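>>> would you be able to build a 3D model of this:
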Amino acid sequence: GHSRTLALQTTAKMLRGSPHQQLSSRTRAGRVAINSCIPQRTGRRSIVVRAELPSTSSVLAGSSETTEAAPVTDELSALHAELLKEIEERKRSQAQLLAKLDRLTGQAQGSSTTAYRPPAAAPRPVAPVGPPPVPTYTPPPPPPRPVQTMAPQVSAPPQPRPMPPVVFPEPVAPTPEPIAEEPPQPQAPPKPPLAGPNVMNVVMVGAECAPWSKTGGLGDVMAALPKGLQRRGHRVMVVVPRYDNYKDAWETGVRVRFNMFGSNQEVGFFHAYVDGVDYVFVDHACFNTRGNDLYGGTREDLMFRCSLLSKAAIEAVWHVPCGGVVYGDQNLMFIANDWHTALLPVYLQAHYRDWGKMTYARCVFVIHNMAHQGRGPFVDTNFLELNEQYKEMFRLYDPVGGEHMNIMKVGLQTAHRLVAVSHGYAWECLTPEGGWGLHQIVTEGKWKLRGIVNGIDYQEWSPSNDKFLQGEGYQNYDMATFVAGKRACKMALQKELGLPVDPDIPMMGFIGRLDYQKGVDLIRDNYDWIMGEKCQLVLLGSGREDLETALRDMEARNKNQCRGWVGFSVKMAHRITAGVDILLMPSRFEPCGLNQLYAMAYGTVPVVHAVGGLRDTVKPYNPFENTGAGTGWAFDRAEANKLREAMGNAVFTFRQHRKSFNEIALRGMDQDLSWDNAAAQYEEVMVAAKYQW
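Numbers count the residues shown, from 1 in each chain. Below you'll find the model as predicted:
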């Protein structure tokens with residue numbers, strides 16, 4: 001219909017435009033005469049405009065009868081002929097295009113209607129022949145303004161019959177059968193914390209914390225116990241000095257001033273959030289200059305650092321916004337570790353609770369080593385900003401050292417609860433030998449004393465995922481691959497240390513501080529026996545100069561069987577623990593001990609002196625009584641011959657009864673030595689302190 005007419009008009013315009021532009025200047029003069037006959041479309045009617053020009057036949061007839069016409073008349077006749085020829089060509093071309101368009105339309109619509117063919121043009125009426133006028137040449141007028149026109153002298157073709165539009169029925173979706181809706185499953189409520197209603201805000205304070213600072217077992221406890229408490233649902237903060245520029249600790253912008261030793265001191269706080277625990281580092285020049293010498297300096301310097309750390313830890317709960325929220329004093333529990341923080345319960349009581357502040361805060365004091373108590377002249381109490389009543393509590397008379405000031409004494413008296421790091425050590429603290437002059441003070445507070453064995457962090461100390469047992473011949477192992485894994489680690493250790501590689505040679509090791517407490521001199525006194533038994537010996541540690549010299553001398557005397565590593569290496573400690581068959585711990589006293597726990601977790605059999613935590617954690621093996629029990633060997637007196645006897649039993653079992661030796665190692669690996677058990681027991685102590693006024 002109408003759309004077809006518009007399409008034809010567009011096609012006609014295309015056909016008309018190009019040839020007209022190619023006409024010569026001569027042909028252009030007659031364009032007006034031709035275009036004046038093209039039907040013009042105005043609205044819905046076509047108006048035909050005819051010019052006052054003679055018809056073509058009259059012009060031709062006039063030219064044949066009048067031979068003496070002017071050259072202009074011949075030229076005009078030729079022009080008319082040329083234009084008529086061009087019009088006929090256009091008509092044919094247009095008819096072909098229309099046929100093609102109808103054919104394509106029919107194919108697209110799938111209709112069988114025959115394409116439309118325009119009828120032949122009707123003959124043009126011829127004007128009556130008369131005497132031609134005298135032709136005169138008149139220049140053509142300027143071309144009129146362009147007007148949309150149809151093909152010249154061609155009437156509008158009749159419109160084709162309108163075709164009904166093709167209607168495609170919309171697909172009807174099948175009606176789904178009603179499905180019975182299942183009732184929504186009730187979501188399981190979130191699991192309550194393991195601590196239940198006993199969740200607290202816990203602040204652990206110590207002089208060191210691994211991996212940032214560490215000299216012994218205290219650093220490991222400060223790193224692992226907070227994570228165990230956090231897993232039980234407690235919010236935990238660890239407060240330690242900032243000895244170095246730690247990359248993962250960020251400046252909080254918090255500054256607090258204290259009166260210290262007659263001067264005004266300002267401290268800052270840095271914060272790190274690791275494994276769900278807030279680590280707060282106290283920033284002050286007295287800590288930054290220490291480096292790795294955490295406990296060095298004069299007695300006054302060390303007491304200044306310990307006092308500053310205790311005061312900063314109490315104020316941190318008010319000023320450091322961990323996660324945007326400070327801890328505050330509600331439901332608050334401090335855990336002070338060793339004599340370096342023994343002033344914390346004193347300051348909490350004297351500076352806060354006695355004045356109606358932090359009424360609901362409590363403090364648990366943990367005894368890691370009773371031998372170190374923070375002793376000094378009694379006059380040093382004048383530096384501690386305490387009244388005369390509390391100063392007098394520091395006074396202690398020692399039969400050996402006389403009257404003196406004792407910081408641990410006041411910490412034991414003012415703390416709400418006491419924890420020793422093993423059951424055996426808690427008992428030893430009540431004896432004159434184990435109490436180191438404070439046994440009477442501990443006995444007075446026996447009602448609030450409890451022993452809790454330390455644990456180990458399996459994320460760091462586990463043979464199945466130890467990063468130091470990957471490569472260089474070492475390999476990770478577990479109970480299922482113990483024999484092959486242990487053998488590979490032993491041979492890799494022998495190769496790394498330059499010892500003869502032989503997995504069947506008994507290999508002994510020692511890791512620890514070189515001092516009288518650790519019993520290194522007992523190993524030195526048995527050196528010739530160990531070499532005579534064709535065993536290999538590896539020692540790692542640093543400490544007293546005479547014992548360091550002894551290590552170098554033992555290696556020099558027999559380089560094929562002994563290696564003495566003076567110093568400390570975390571990587572080598574892991575590899576020695578995994579590679580040796582027997583770990584020696586002849587400590588004269590050991591509050592808890594961690595190396596024997598690491599050894600049993602790695603399938604290394606410990607030989608220990610039955611004191612403190614060593615007696616609690618290592619069950620002696622006796623092939624004649626408990627063949628299905630025992631995780632190592634123990635001796636009852638710190639003497640060279642007693643150690644030699646225990647080592648002899650271990651070496652004999654390794655050589656003659658390898659199966660029984662491996663069973664001992666596997667029983668050690670099968671124990672649950674994690675901090676989760678210890679954290680649950682610490683929680684019981686904190687709950688008891690919470691409800692103690």
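>>> can you give me the buried ones in the longest helix seen in the chain?
Taking DSSP state H as the criterion, the chain has its longest helix at helix 71-109. Using 16 or more other Cβ atoms under 10 Å as the test for burial, helix 71-109 gives 73, 76-77, 79-80, 83, 86, 90-91, 94, 98, 101-102, 105-106. Every residue, glycine included, has its C-beta placed from N, CA and C.
>>> between those residues, which sits nearest Thr289?
Thr105 (96.0 Å; Cβ to Cβ).
>>> what segments of the stretch 351-500 of the chain are helices?
For the stretch 351-500 of the chain, helices defined by DSSP state H, counting those that start in this stretch occupy the ranges 388-393, 407-414, 423-428, 432-435, 439-444, 482-497.
>>> pLDDT (mean, whole number) over the longest helix of the chain?
The predicted model gives helix 71-109 an average pLDDT of 80.
>>> convert the C-alpha atoms of the following helix or strand past it to CSV, please.
Sequence-wise, the next helix or strand downstream of helix 71-109 (DSSP states H and E) is strand 201-205. Output of strand 201-205 as CSV, limited to C-alpha atoms (Å, rounded to 0.1, in the frame of the first residue of the first chain):
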residue,chain,number,x,y,z
ASN,A,201,38.1,-9.1,77.4
VAL,A,202,41.6,-10.6,78.0
VAL,A,203,44.8,-8.6,78.0
MET,A,204,48.1,-10.6,78.0
VAL,A,205,51.2,-8.7,79.0
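>>> next, the closest residue to Arg524 other than its chain neighbours: phi, psi?
Here the nearest residue to Arg524 in space, its sequence neighbours aside, is Ala550; by Cβ to Cβ, 6 or more residues apart in numbering that works out to 4.9 Å. With angles defined as degrees, to the nearest 10, Ala550 sits at phi -60, psi -40.
>>> any idea how far Ala550 is from Leu497?
18 Å (Cβ to Cβ, to the nearest Å).
>>> deepest-packed of the helices of the stretch 351-500 of the chain, please.
Highest mean neighbour count among the helices of the stretch 351-500 of the chain (mean count of other Cβ atoms under 10 Å): helix 407-414, with a mean of 24.
>>> was I right to think Trp250 contacts Tyr273?
No. The pair Trp250 / Tyr273 is not scored as a contact, 9.4 Å apart, by Cβ atoms under 8 Å.
>>> give me the neighbour count for the residue lying closest to His234 once chain neighbours are set aside.
Leaving out its chain neighbours, the residue that sits closest to His234 by Cβ to Cβ, 6+ apart is Val202, at 4.9 Å. Under the neighbour criterion other Cβ atoms under 10 Å, Val202 is assigned a count of 26.
>>> mind checking how far Val202 is from Val239?
Where Val239 is concerned, Val202 sits at a distance of 11 Å (Cβ to Cβ).
>>> again, but for Trp339
Taken as Cβ to Cβ, the span from Trp339 to Val239 is 16 Å.
>>> comparing the two, which residue is more hemmed in?
Val239 (28 against 25).
>>> and the more buried one, what pLDDT?
97.
>>> the helix or strand that contains it vs strand 201-205, what angle?
Per DSSP H and E: Val239 is located in strand 235-241. With axes from the mean of the first three to the mean of the last three Cα atoms, to 10 degrees applied, the angle from strand 235-241 to strand 201-205 works out at 20 degrees.
>>> C-alpha coordinates for strand 235-241, CSV please?
The C-alpha coordinates for strand 235-241 follow below in CSV (Å, rounded to 0.1, in the frame of the first residue of the first chain):
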residue,chain,number,x,y,z
ARG,A,235,38.5,-10.9,72.8
VAL,A,236,42.2,-10.9,73.3
MET,A,237,44.8,-8.2,73.3
VAL,A,238,48.6,-8.8,73.6
VAL,A,239,50.7,-5.9,75.0
VAL,A,240,54.5,-6.1,74.5
PRO,A,241,57.3,-3.6,74.0
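>>> so the spatially closest residue to Pro241 that is not a sequence neighbour versus Leu308, what's the distance?
Leaving aside its chain neighbours, Pro241 sits nearest to Phe287 (4.0 Å; criterion: Cβ to Cβ, 6+ apart). Taking Cβ to Cβ as the measure, Phe287 falls 8 Å from Leu308.
>>> name the residues that touch the helix or strand just after the strand holding Val239?
Using DSSP H and E, the next helix or strand after strand 235-241 towards the C-terminus is strand 250-260. Residues from elsewhere that reach strand 250-260, judged by Cβ atoms under 8 Å, 6 or more residues apart in numbering: 264-272, 304, 307-308, 311-312, 315, 319-321, 385.
>>> who does strand 250-260 pair up with?
Sheet pairing of strand 250-260 (DSSP bridges) gives strand 263-274 (antiparallel).
>>> now the partner strand: average pLDDT?
Here the average pLDDT along strand 263-274 is 94.
>>> what about the strands in the stretch 301-450 of the chain?
Assigned by DSSP state E, counting those that start in this stretch, the strands in the stretch 301-450 of the chain fall at 332-337, 362-367, 375-376, 395-398, 402-406, 417-420, 449-451.
>>> pull up the pairing partners for the second one, direction included.
What it means is strand 362-367. Under the criterion DSSP bridges, strand 362-367 sits next to strand 332-337 (parallel), strand 417-420 (parallel) in its sheet.
>>> mind putting those strands in JSON lines, distance to Gly206 included?
Below are these laid out as JSON lines (distance: least, Cβ to Cβ, whole Å):
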{"stretch": "strand 332-337", "distance to Gly206": "4"}
{"stretch": "strand 417-420", "distance to Gly206": "13"}
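>>> let's see the distance spanning stretch 273-281 from one end to the other.
11 Å (Cα to Cα, to the nearest Å).
>>> quick one: it to chain centroid distance?
Taking Cα atoms, centre = their mean, to the nearest Å, one finds stretch 273-281 lying 14 Å from the centre of the chain it belongs to.
>>> who's in contact with it?
Contacts of stretch 273-281 (Cβ under 8 Å, 6+ apart): 209, 212, 226-227, 230-231, 235-242, 246, 248-249, 269-272, 316, 320, 322-323.
>>> list the contacts of the helix or strand hosting Asp528.
Using DSSP H and E, Asp528 falls within helix 527-532. Here helix 527-532 makes contact (Cβ under 8 Å, 6+ apart) with Met508, Leu537, Met554, Arg557, Asn558, Gln561, Cys562, Arg644, Met647.
>>> from those, which land in strands?
Met508, Leu537, Cys562 (DSSP state E).
>>> of the residues you listed, buried ones?
Met508, Leu537, Cys562.
>>> could those go into JSON lines alongside distance to Arg544 and pLDDT?
Formatted as JSON lines, these follow (distance: Cβ to Cβ, whole Å; pLDDT from 0 to 100):
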{"residue": "Met508", "distance to Arg544": "21", "pLDDT": "97"}
{"residue": "Leu537", "distance to Arg544": "19", "pLDDT": "97"}
{"residue": "Cys562", "distance to Arg544": "19", "pLDDT": "96"}
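>>> could you save the residues you listed as a markdown table and add columns showing distance to Ser569?
Shown next, in a markdown table, are these (distance: Cβ to Cβ, whole Å):
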| residue | distance to Ser569 |
| --- | --- |
| Met508 | 18 |
| Leu537 | 17 |
| Cys562 | 18 |
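>>> quick check, nearest of the buried residues of helix 71-109 to Gly543?
Thr105 (103.7 Å).
>>> distance of the closest one relative to Ala99?
Note on Thr105: its distance to Ala99, by Cβ to Cβ, is 11 Å.
>>> same question for Trp436.
Counting by Cβ to Cβ - Trp436 and Ala99 are separated by 120 Å.
>>> quick one: the helices in the stretch 501-650 of the chain?
520-525, 527-532, 545-557, 570-579, 595-601, 612-617, 640-656.
>>> would you list those helices in CSV and tack on distance to Tyr295?
Formatted as CSV, these follow (distance: least, Cβ to Cβ, whole Å):
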stretch, distance to Tyr295
helix 520-525, 20
helix 527-532, 31
helix 545-557, 17
helix 570-579, 20
helix 595-601, 21
helix 612-617, 21
helix 640-656, 29
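>>> Tyr682 is nearest to which of the ones you listed?
Across these, closest to Tyr682 is helix 612-617 (Cβ to Cβ), at 15.6 Å.
>>> which parts of stretch 353-367 are buried?
Residues Arg353, Met358, Ala361, Arg362, Cys363, Val364, Phe365, Val366, Ile367 are the ones in stretch 353-367 that count as buried (16+ other Cβ under 10 Å).
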